[in-house]
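Asker: Here's my sequence, what's the structure:
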Amino acid sequence: MRISAGLFIVAALVLHTVATTAVYGGDMPKRKSGLWQMKMTSTQGQGGTFTLQQCIDQATDELMGGQADSASAMMPKRNGSSSKQKCSTQNLRREGNKFVMDSVCQHGKTTATTHAVATGTFDANYRMESRTTFDPPLRGMRESTTVIEAEWLGPCKEGQRPGDIIMPGMPEGMPNINIQDMMKRK
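Answerer: Got it, this is the predicted structure:
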């Protein structure tokens, strides 16, 4: 994996998690603390499939939700206002064992319409599939699909801090990326 692709996937994962937490907040089930392995398949950017591991605790997820506005000026705020993006629709509903999320947000002149479905126990695994259409296309992109399959591996490994992201294929000596550090810098 090239570093640029790795950093792209981390950014996508952070924004995806922050967006879900910011928009749907406490309505989504909490992930179990520990080491999670996430396989992300996306058509966005370079596309492809990436696998990474993330050490999380409840404070990490809460920080991501609480700092959503500073993480990205393009993410919607809970009241729907933002200098760059406004969302007219942000809905979450439970359908049996599924969480169905729909949003319609304006980004400049582009309307982004997203439909996502999350399933799983969130203490052992979950899967989230999302599809976003852009009208007119956003930077040439008409549609983006993302699938995240996550599995809890157990406690974080010795030396790992909550928020650490470990990407296979990174060069030896490359430091871990830590979401908490990234969020605090914003």
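
Asker: Just give me the neighbour total for residue 52.
Answerer: The tally of other residues near residue 52 (other Cβ atoms under 10 Å) stands at 21. C-betas here are computed from N, CA, C, even on glycine.

Asker: Quick check: residue 180 touching residue 162?
Answerer: Yes. With contact defined as Cβ atoms under 8 Å, residue 180 reaches residue 162; the gap is 6.7 Å.

Asker: where do the contact lists of the two overlap?
Answerer: residue 60 (Cβ atoms under 8 Å, 6 or more residues apart in numbering).

Asker: what stretches of this structure score poorly on pLDDT?
Answerer: Within the chain, the ranges that satisfy pLDDT under 70 run 1-28, 45-46, 63-85, 170-175, 183-186.

Asker: please redo it, this time with the cut-off set to 50
Answerer: Within the chain, the stretches with pLDDT under 50 are 1-9, 15, 18-19, 21-24, 67-84.

Asker: now the strands: where do they sit in it?
Answerer: 34-42, 48-56, 85-95, 98-107, 110-120, 125-138, 141-154, 164-166, 177-178 (DSSP state E).

Asker: any chance of those in JSON lines, with distance to residue 62 too?
Answerer: Below are the strands of the chain laid out as JSON lines (distance: least, Cβ to Cβ, whole Å):
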{"stretch": "strand 34-42", "distance to residue 62": "16"}
{"stretch": "strand 48-56", "distance to residue 62": "10"}
{"stretch": "strand 85-95", "distance to residue 62": "18"}
{"stretch": "strand 98-107", "distance to residue 62": "18"}
{"stretch": "strand 110-120", "distance to residue 62": "18"}
{"stretch": "strand 125-138", "distance to residue 62": "18"}
{"stretch": "strand 141-154", "distance to residue 62": "18"}
{"stretch": "strand 164-166", "distance to residue 62": "17"}
{"stretch": "strand 177-178", "distance to residue 62": "16"}
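
Asker: Go ahead and confirm residue 86 touches residue 103.
Answerer: No. Residue 86 is beyond contact range of residue 103, at 11.0 Å (criterion: Cβ under 8 Å).

Asker: So for those two, which sits in the more crowded spot?
Answerer: residue 103 (21 against 15).

Asker: The more buried one and residue 168: what is the separation?
Answerer: 32 Å (Cβ to Cβ, to the nearest Å).

Asker: now residue 179
Answerer: 18 Å.

Asker: between the two, which one's more packed in?
Answerer: residue 179 (25 against 11).

Asker: so what's the nearest residue to that one once chain neighbours are set aside up against?
Answerer: Sequence neighbours aside, residue 163 is the residue nearest to residue 179 in space, at 4.2 Å (criterion: Cβ to Cβ, 6 or more residues apart in numbering). The contact partners of residue 163, by Cβ under 8 Å, 6+ apart, come to 54-56, 60, 63, 178-181.

Asker: All good on my end, thank you.
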